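A.B. asks: Build me a structure from this.
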Amino acid sequence: SQRLIDATLRAARRASSMRAAIDGVAGIYLPDRLHAVRIALKKLRYAKELVRELSGSRAVTALRTLKQAQELLGRMHDLEILIARTRALQGSAGAASLRLSADLDLVVRWLETECRQLHGQYMANRKALIAICDRIETAAARVVATASPAA
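C.D. replies: Take a look at the predicted model:
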C-alpha cells in the first residue's frame, strides 16, 4: 500500500539522519551530540514501529535494540543534567561550606563515572545501530525499486 511505502521511505530518511548523528559523535564523549543521537534514534524507532504495524511484521529485534539504546542515551542525558545542576549548586551561596562542596564533588565524580560507563555501552552498540540503519535503507531501496513502474 502507499501508506507502507511512505512509512518505509520516512524510516529510511530517519535512518540516514541517525547515521549522520552517530557519525557526528564518532568515539568522543560529547553530551550535546549524544543527545542529538538520542533524538534521531527516537524518531527512527517510531518510524520503524509504524512500518512494522503497517507491514504486519512480527520482527522485534531491531526495535528492541533501538529502544534499549534510546533508554541508555536518555539515562546519560539525565545524568548530564544532574551534573550541571550539582555544579550550579556548588557555586551558589548555599554551598558555602567546604564540607558540602567536597561532598558535591564526590557526587559529580560518581555521576561522571556512570556517564563514562554508559558511553562505553553505547560505543559497544554503535555497530548494531549502524547495521539497523543499513537494513532500513536497503529495505526502502527495494520498496522504491518494486514500486517504480518498469521503464
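
A.B. asks: From the chain's centroid, how far away is the helix or strand of the chain with the lowest mean pLDDT?
C.D. replies: Least confident element among the helices and strands of the chain, by mean pLDDT, DSSP states H and E: helix 98-147 (a mean of 91). The chain centroid and the centroid of helix 98-147 are separated by 6 Å, computed with CA atoms, centre = their mean, to the nearest Å.

A.B. asks: Return the list of helices and strands in contact with that helix.
C.D. replies: When contacts are defined as 3 or more CB pairs under 8 Å, 6 or more residues apart in numbering; DSSP states H and E, helix 98-147 packs onto helix 2-25, helix 31-55, helix 61-90. C-betas here are computed from N, CA, C, even on glycine.

A.B. asks: Report the angle between it and helix 31-55.
C.D. replies: 40 degrees (axes from the mean of the first three to the mean of the last three CA atoms, to 10 degrees).

A.B. asks: tilt between helix 98-147 and helix 61-90?
C.D. replies: 150 degrees.

A.B. asks: Just give the number of residues close to the nearest residue to Y29 once chain neighbours are set aside.
C.D. replies: Among residues not flanking Y29 along the chain, H119 sits closest, at 4.9 Å (CB to CB, 6 or more residues apart in numbering). Per other CB atoms under 10 Å, the neighbour tally for H119 reads 20.

A.B. asks: got the contact list for H119?
C.D. replies: Y29, L34, M76 (CB atoms under 8 Å, 6 or more residues apart in numbering).

A.B. asks: most centrally placed residue in the protein?
C.D. replies: The residue lying closest to the centre of the chain (CA atoms, centre = their mean) is R38, at 2.7 Å.

A.B. asks: For that one, which non-adjacent residue is spatially closest?
C.D. replies: L73 (3.7 Å).

A.B. asks: That neighbour contacts L34, correct?
C.D. replies: Yes: using CB atoms under 8 Å, L73 is in contact with L34, at 5.9 Å.

A.B. asks: Overlap of the contact sets of the two?
C.D. replies: Jointly contacting L73 and L34 under the rule CB under 8 Å, 6+ apart are Y122.

A.B. asks: Contacts only, for L79.
C.D. replies: L79 touches L111, E114, C115, L118, counting by CB under 8 Å, 6+ apart.

A.B. asks: let's see 10 Å
C.D. replies: By CB atoms under 10 Å, 6 or more residues apart in numbering, the residues touching L79 are P31, W110, L111, E112, T113, E114, C115, L118.
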